[in-house]
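1. Sequence first, predicted model second:
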Amino acid sequence: MSKLEVNEKVIRTLAGLLDETDLSEIEYEADGHRIRLVRGGTVVHAAAPAAVAPAAAPAPAASDAGGVPANAITSPMVGTAYLSGEPGAPTFVKVGDSVTEGQTLLILEAMKVMNPLPSPKSGVVKQILVSDGQPIEFGEPLMVIE
């Protein structure tokens, strides 16, 4: 684990997701190594599993204990969730709304860049798990669409 082995397939897959979702950045972490791709460039961070890994290990266990709802849409990045396009405007979606694939569900702000989060599928919004202006983590459940 001391040497970072770059998996070209993972990077190409993440780059494809970046283009497909029209996001400006995406981050992936596994085995104490983190890869962050930013539109217009790629930044690779290799974190030795020293103090970072033990702190990160309990988080998945806690989410497993609480359970991620089935059909949950999760955050592709760390940032702030906004449920509408601007303060005071109606929310993009609300519980009970029918959505189509590609429709904007909310906006994720990361490093002062507003990234619309498109719905990965068509369905009905069953739950909204975040509030407007809430800080969010990578992989955090945002909404449930069935």
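-> That came in fine, so what should we check first?
2. Kindly state the domain boundaries assigned to the protein.
-> What automatic domain parsing lists as the domains of the chain is 8-56, 68-145.
3. Quickly compare those and say which is most buried.
-> Highest mean neighbour count of the domains of the chain: domain 68-145, a mean of 16 (counted as mean count of other C-beta atoms under 10 Å). Every C-beta, even on glycine, is put in place using the N, C-alpha and C of the backbone.
4. The longest helix out of those in the chain packs against which elements?
-> Longest helix in the chain, counting residues (DSSP state H): helix 8-21. Applying 3 or more C-beta pairs under 8 Å, 6 or more residues apart in numbering; DSSP states H and E, we find helix 8-21 packed against strand 25-30, strand 33-38.
5. Kindly export it (C-alpha atoms) in CSV.
-> In CSV, the C-alpha atoms belonging to helix 8-21 read as follows (Å, rounded to 0.1, in the frame of the first residue of the first chain):
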residue,chain,number,x,y,z
GLU,A,8,-6.2,3.7,-15.8
LYS,A,9,-9.6,2.0,-16.1
VAL,A,10,-10.8,3.6,-12.9
ILE,A,11,-9.6,7.1,-14.1
ARG,A,12,-11.2,6.6,-17.5
THR,A,13,-14.5,5.5,-15.9
LEU,A,14,-14.5,8.5,-13.6
ALA,A,15,-13.7,10.8,-16.5
GLY,A,16,-16.6,9.3,-18.4
LEU,A,17,-18.9,9.9,-15.4
LEU,A,18,-17.7,13.5,-15.3
ASP,A,19,-18.7,14.1,-18.9
GLU,A,20,-21.9,12.1,-18.7
THR,A,21,-23.2,13.9,-15.6
